[in-house]
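K.L.:
Let me see the structure of the following:
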Amino acid sequence: MLRYIPTFLATLVVATQLSVPIAQAAASDYNLVLVETTYPFGDGAVLELRLIDTRTNAPVEGAVIFATRLDMEPDGMETMTSTVLALPGEEPGLYRFSADLTMDGNWRFSVAAKVQGEPETVQAQIVLEVLP
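P.N.:
Down below sits the predicted model:
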């Protein structure tokens, strides 16, 4: 009977280690922010978006940005939209987009991001102002 005790203890240790949850970040640990929130009216505006890890205040690179939408919902015109095109980034954690800002007023930039290794999607709705 005594010879089985070391095997039992080793099995118990392994089982205990496997049952301990691994801490992962949540979507709330990240923040998507526009570098500028005021733009002039016109075509070819470049929207620069930063993805920040709020625990370290460090930029997050390599995220997959998707579900971008630009509309005038803040001014009650959700159907007034503009196409958003991804542009190459210039620095880590900076994601760039081109859009035609065809009307002055308040626009909503909705965006979602998947951070590598994180199960949750990071989402933001950012209001920007277009001046005449």
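
K.L.:
separation between V64 and S82?
P.N.:
Here the distance between V64 and S82 works out to 22 Å (C-beta to C-beta, to the nearest Å). All C-beta spots, glycine's among them, are computed from the backbone N, C-alpha and C.

K.L.:
who has more neighbours, those two?
P.N.:
In this comparison of V64 against S82, neighbours counted by other C-beta atoms under 10 Å, the higher total goes to S82 at 20 against 11.

K.L.:
In the beta-sheet assignment, what are the partners of that one?
P.N.:
As for beta bridges, S82 partners with L70 under DSSP bridges.

K.L.:
Need the pLDDT of it.
P.N.:
At S82, the pLDDT value in this model is 97.

K.L.:
E90 too?
P.N.:
In the predicted model, E90 carries a pLDDT score of 87.

K.L.:
so it touches R96, yeah?
P.N.:
Yes - taking C-beta atoms under 8 Å as the contact criterion, E90 and R96 are neighbours in contact, 6.9 Å apart.
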